[in-house]
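In: Pasting a predicted model and its sequence here:
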Amino acid sequence: MAIRLPGVKTILRKSFFHVPKGYVAVYVGESEKKRFVVPISVLNEPLFQDLLCKAEEEYGFHHPMGGLTIPCGEDVFINMTSHVNSLI
């Protein structure tokens with residue numbers, strides 16, 4: 001089952017490696033990582049920039065999932081992206 005939020009997508013296993021044009025895949029979660037696909041437009045938003053800085057501090061260029069990993073809880077990420085999407 002995928003969580004559907006405006007502008008944020010989760011990808012089902014059968015199309016796991018597909019990222020639509022204009023989106024970027026990120027892994028979110030503290031213990032179990034969940035993959036989200038977010039529009040690239042959110043990358044410049046200050047709230048998302050804060051998450052990217054935390055990711056850089058925690059992981060540097062080595063991300064355990066092989067892609068961009070955001071070190072926060074899934075609920076925090078969903079709330080943040082919902083707020084950012086309301087601003088865009």
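Out: Okay, I see it.
In: Distance of residue 44 relative to residue 72?
Out: 19 Å (CB to CB, to the nearest Å). The way it works is simple: take the backbone N, C-alpha and C, and place the C-beta from them, glycine included.
In: between the two, who's got more neighbours?
Out: residue 72 (17 against 8; other CB atoms under 10 Å).
In: just checking, that one touches residue 53?
Out: No. Counting by CB atoms under 8 Å, residue 72 sits too far from residue 53 to count as a contact (11.7 Å).
In: ok, and what's touching the helix or strand hosting residue 47?
Out: Residue 47 belongs to helix 46-59 when assigned by DSSP states H and E. Residues outside helix 46-59 that contact it (CB atoms under 8 Å, 6 or more residues apart in numbering): 42-43, 63, 68-72, 77, 80-81, 83-84.
In: My read is that residue 39 contacts residue 20, right?
Out: No. Using CB under 8 Å, residue 39 is not in contact with residue 20, being 9.2 Å away.
In: Same drill for the two, tell me which one is more crowded.
Out: Set residue 39 next to residue 20 and count neighbours by other CB under 10 Å: residue 39 wins out with 18 against 12.
In: How confident was the prediction at that one?
Out: For residue 39, the model assigns a pLDDT of 87.
In: ditto for residue 75
Out: Value for residue 75, per-residue pLDDT: 90.
In: likewise residue 13?
Out: 46.
In: how about the helices of this structure, start to end?
Out: For the chain, the helices defined by DSSP state H cover 46-59, 74-87.
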